[in-house]
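model this:
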Amino acid sequence: MTERGSASLEFIVASIALFVPLVALTVTTSQIASATFAATTAARHGVRAFTRAASTNGGLEQVRAITALIIDDHGLTDTTPQWELDCSRRNCLQRGSLVTLTVHLDVPSLFIPALPGIDIAPRVTVSRSATARVSLTSVNR
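Alright, predicted model coming up:
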C-alpha cells in the first residue's frame, strides 16, 4: 500500500484556520487598547484645559476640541466620543472646585459578527475619568 502525503496542503489549511482568528483577535485588542489610551488622554487633558478656562462655555469648547483631536490622533475615526462633567460646586470654575471629566468611547468590534435578528453591530464601550482642581490662585475667578 503506497501512501501519498499532502503535508504542504494540510499545513496551508491548518495555518489559515489558526492565523485568521489570531489576526482578528489582535486587531480587536489593538483597537480597544487604542481607545483606552485615547479616553485616558482625552479625560486628563480635557479636564486640565477646562479648569484653566476663562468661562464655562470656553472650557466646554476646549474639551470638545481636545477630545476630537485626540480621537483623530489615535485613528478612531468611526468612534463618536461622549463625555460628561461633574463639579463639586454649582459654579464649576470657582476657585478650589473639583472637576471630573468622564470620556466614553464606543469601539466597534469589526471581527465579531452581530447576532441574528439584531441590527446593532457589537461594540465595546471604554470609559475613563480624570479629576482636577480649579486653581486657588486663579486670576479669572
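
and the residue nearest the centre of the chain, what helix or strand is that in?
The geometric centre of the chain, computed from its C-alpha atoms, lies nearest to residue 35 (CA atoms, centre = their mean), at 2.8 Å. Secondary structure from DSSP states H and E places residue 35 in helix 7-51.

so residue 104 belongs to a strand, correct?
Yes: Residue 104: assigned to a strand according to DSSP: H, G, I helix; E, B strand; the rest coil.

follow-up on the earlier one: the residue nearest to the centre of the chain and residue 128 touch, don't they?
No: counting by CB atoms under 8 Å, residue 35 stays clear of residue 128, with 9.4 Å between them. Glycine gets a C-beta too; all of them are placed from N, C-alpha and C.

which other helices and strands does the helix or strand bottoming out on mean pLDDT in the chain contact?
The weakest-scoring helix or strand in the chain, judged by mean pLDDT, DSSP states H and E, is helix 7-51 (a mean of 89). Contacts defined by 3 or more CB pairs under 8 Å, 6 or more residues apart in numbering; DSSP states H and E place helix 7-51 against helix 56-73, strand 82-87, strand 98-108, strand 123-133.

any idea of the angle it forms with strand 123-133?
For helix 7-51 against strand 123-133, the angle by axes from the mean of the first three to the mean of the last three CA atoms, to 10 degrees is 30 degrees.
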